[in-house]
Structure formats: C-alpha cells, structure tokens
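Trainee: Sequence and computational prediction follow.
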Amino acid sequence: MTRIHGITVILFDKVKTGVDGFGEPIYEERPIDIDNVLVSPASTDDVTNQLNLTGKKVVYTLGIPKGDNHDWTNKVVQFFGQRWRTVGVPLEGIEDMIPLNWNKKVTVERYE
C-alpha cells in the first residue's frame, strides 16, 4: 500500500541582521528546510480566482504539515529546483478535525 507523503521544501525567512546608516533595518534571507510538504498543481478555479483578484498566476498548492509554525505569507520557497513566491495568507484548518498530516495550504506563483 502506498502512503501519501510530501517532499522537502526550502522556505526563505527574512531575519533582521542590523541597521544601515539611515536607521533602516537590514534583512538577510535564511533557508529553512520544511519536510513532508505536499505539492499539487493548483486547480483551475484557484488559478482563475487568484488571477482575477490579484493578477498573479498561481501554479501549485502546498500542503503544510501539522505543527508547522513558520510564517508562509508572501515568502519565497524553493522546490523542484525552482524558486516560487507564496500568494496570500495560508488557509488553516483545525488540526484535530483533519485526519491526515496537513492542516494548512498556500498557493505559489513562479518567482524569478
């Protein structure tokens, strides 16, 4: 029997590393490996709705594992050897009410 499992996705989080000469914060991107993330093609409805609402063309939907507390809003992620940017706020369900290992989902667009 095949069991559903995800892949490792790299989430790039911005960390404040200092302040420049004008008093503005300096940020550095730090990669974080997130295991067991489901990656699936975005549905036609999701693509159409996001394109109409934001002008962004989403390509994939990521299933985020339960217990993950990272910020996924407008972040750069890397998988399949390419960089992507999350679109919007992740949708989250109640962990105890969802039977599988994932309780959040977020869509991504291609990021150069």
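Mentor: Ah, there it is. Numbers count the residues shown, from 1 in each chain.
Trainee: Helices of this structure, start to end?
Mentor: Counting by DSSP state H, one finds helices in the chain at the ranges 44-54.
Trainee: Give me the below-cutoff pLDDT ranges for it.
Mentor: 1-2, 112 (pLDDT under 70).
Trainee: ok, the residue lying farthest from the centre of it to residue 29 distance?
Mentor: No residue in the chain sits farther from the centre than residue 21, which is 32.8 Å out by C-alpha atoms, centre = their mean. For residue 21, the distance to residue 29 equals 21 Å [C-beta to C-beta, to the nearest Å]. For every residue, glycine as well, the C-beta is placed using N, CA and C.
Trainee: just residue 40 next, same as before
Mentor: For residue 40, the distance to residue 29 - C-beta to C-beta - is 26 Å.
Trainee: and what of residue 50?
Mentor: 24 Å.
Trainee: okay, those two: which has more neighbours?
Mentor: Higher neighbour count among residue 50 and residue 29: residue 50, with 18 against 10, using other C-beta atoms under 10 Å.
Trainee: Excluding chain neighbours, give the residue nearest to the more buried one in space.
Mentor: residue 58 (4.7 Å; C-beta to C-beta, 6 or more residues apart in numbering).
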